[in-house]
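Peer 1: sequence and predicted structure below; questions after.
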Amino acid sequence: MSNVQKTKIEIINSQESIILDLDSISVLSKKAYTFCLQESKEGSPLRELHSIEVSVLNDKQIGLVHEEFMNDPTPTDVITFDYGEILVSAETALVQSKNLGVSLENEILLYIIHGMLHLGGYLDKNEVDFNEMKILQERILNSCLG
């Protein structure tokens, strides 16, 4: 797990409609990375990456990527690529954060954690895996915020 010191986490805000506390997201993402790396599975991409790029997009932008790579034109919360790119939707996070009564930055952090867990070898294609991942990401989120 010596990769913790070497891995760079970069947050890029590629949307303009929602104001974000990028400094807070960046600091918490680095904390989350440490927890996700501890939980990562043997041979997962997360253990090998030297950098992770998180791009914060709007719904239109993430919808285009969703359509191109998954044949689904609808916006989604997070898309992860094994080479270390995580895309999150600020607009989806804003709606969801209001529905849940949490801060926008915490919701975005949850999406980043979700993406890092995918990089850590976790899948959410069936109900059992989805529930395992949900419990783990909530635990990591609480550790980051606590």
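Peer 2: Alright, I've got the coordinates. Residues are numbered from 1 along each chain as shown.
Peer 1: ok, the residue most central in space within the chain - contacts?
Peer 2: In the chain, the C-alpha nearest the mean C-alpha coordinate belongs to residue 112, at 1.6 Å (Cα atoms, centre = their mean). With contacts defined as Cβ atoms under 8 Å, 6 or more residues apart in numbering, residue 112 is in contact with 25, 29, 32, 54, 78, 86, 88. Just so you know, the C-beta spots here come from the backbone N, C-alpha and C atoms, and that holds for glycine as well.
Peer 1: most neighbours, which of those residues?
Peer 2: Ranked by neighbour count (other Cβ atoms under 10 Å), the contacts of residue 112 have residue 88 at the top, with 27 neighbours.
Peer 1: so the residue nearest to that residue when sequence neighbours are not counted: helix, strand or coil?
Peer 2: Distances taken as Cβ to Cβ, 6 or more residues apart in numbering place residue 111 nearest to residue 88, at 4.2 Å, with adjacent residues excluded. Following DSSP: H, G, I helix; E, B strand; the rest coil, the label given to residue 111 is helix.
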